[in-house]
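Asker: how would this look folded up:
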Amino acid sequence: MKRLTRILLSIILFSSLSSPLQAVASGFELMEVFSLRVTVVEGGIEHEWEYDSPNQYEYETGHTVIKGNEAKIKVDQMVQTLKIDKDRTKEQYKAILEQTFPKLESFDIRFIDETDHLYTWGWYKS
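Answerer: Residues are numbered from 1 along each chain as shown. Model (predicted):
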């Protein structure tokens with residue numbers, strides 16, 4: 001938690017200096033995203049997709065970490081899958097993720113938009 005707080009504060013401080021990622025929102029509009037974190041746990045394996053403006057991508061699954069262009073492809077795929085929208089609910093994101101991860105145990109989605117506002121959604125199987 002302490003690490004995440006430091007990362008988010010760093011992102012907020014430096015986001016005004018960076019160029020944003022274009023993500024699809026609502027399937028039609030474009031919104032500027034300065035930071036994105038998606039974490040999914042399925043079958044005890046944690047998968048993470050990360051983006052930090054201007055051009056840092058990282059994808060992790062289990063103990064494997066991928067960075068650079070290969071990670072960009074993975075992050076772009078997840079952005080397309082989620083169609084991030086500020087008005088979506090955690091239940092809507094859960095339904096979307098269960099299509100790809102049928103044994104979904106938990107998820108956490110966080111992004112910072114062009115106005116430095118942090119949006120979060122999370123769900124944990126009880």
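Asker: only C-alpha atoms for contact and neighbour calcs from this point on.
Answerer: Will do.
Asker: May I ask which helix or strand encompasses Thr39?
Answerer: Assigned by DSSP states H and E, Thr39 belongs to strand 29-42.
Asker: All the strands of this protein, residue numbers only.
Answerer: 21-25, 29-42, 45-52, 56-61, 64-67, 104-113, 118-124 (DSSP state E).
Asker: Show me what the third one pairs with in its sheet, parallel or antiparallel.
Answerer: What it means is strand 45-52. Strand pairing for strand 45-52, using DSSP bridges, gives strand 29-42 (antiparallel), strand 56-61 (antiparallel).
Asker: Off-centre distance for stretch 91-103?
Answerer: With CA atoms, centre = their mean, to the nearest Å as the basis, stretch 91-103 stands 14 Å off its chain's centre.
Asker: what comes into contact with it?
Answerer: With CA atoms under 8 Å, 6 or more residues apart in numbering as the test, stretch 91-103 has contacts from 42-43, 81-82, 104, 107, 123.
Asker: if we can go back for a sec, lowest mean pLDDT across the strands paired with strand 45-52, which one is that?
Answerer: Lowest mean pLDDT of the strands paired with strand 45-52: strand 29-42, a mean of 76.
Asker: Can you point out the buried residues in stretch 117-126?
Answerer: Across stretch 117-126, burial judged by 16 or more other CA atoms under 10 Å covers 118, 121-123.
Asker: That one - what's its average pLDDT?
Answerer: 94.
Asker: Now do that stretch: distance to the chain's middle.
Answerer: Centroid separation for stretch 117-126 versus its chain: 11 Å, with CA atoms, centre = their mean.
Asker: what are the C-alpha coordinates of stretch 118-126, in PDB please?
Answerer: Extracted in PDB, the C-alpha atoms of stretch 118-126 (Å, rounded to 0.1, in the frame of the first residue of the first chain):
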ATOM      1  CA  LEU A 118      -8.100   9.300  -9.600                       C
ATOM      2  CA  TYR A 119     -10.900   6.800 -10.400                       C
ATOM      3  CA  THR A 120     -10.900   3.300  -8.800                       C
ATOM      4  CA  TRP A 121     -13.000   0.200  -9.100                       C
ATOM      5  CA  GLY A 122     -12.400  -3.000  -7.200                       C
ATOM      6  CA  TRP A 123     -14.100  -6.400  -6.400                       C
ATOM      7  CA  TYR A 124     -13.000  -9.300  -4.300                       C
ATOM      8  CA  LYS A 125     -14.700 -12.700  -4.200                       C
ATOM      9  CA  SER A 126     -16.000 -13.300  -0.700                       C
END
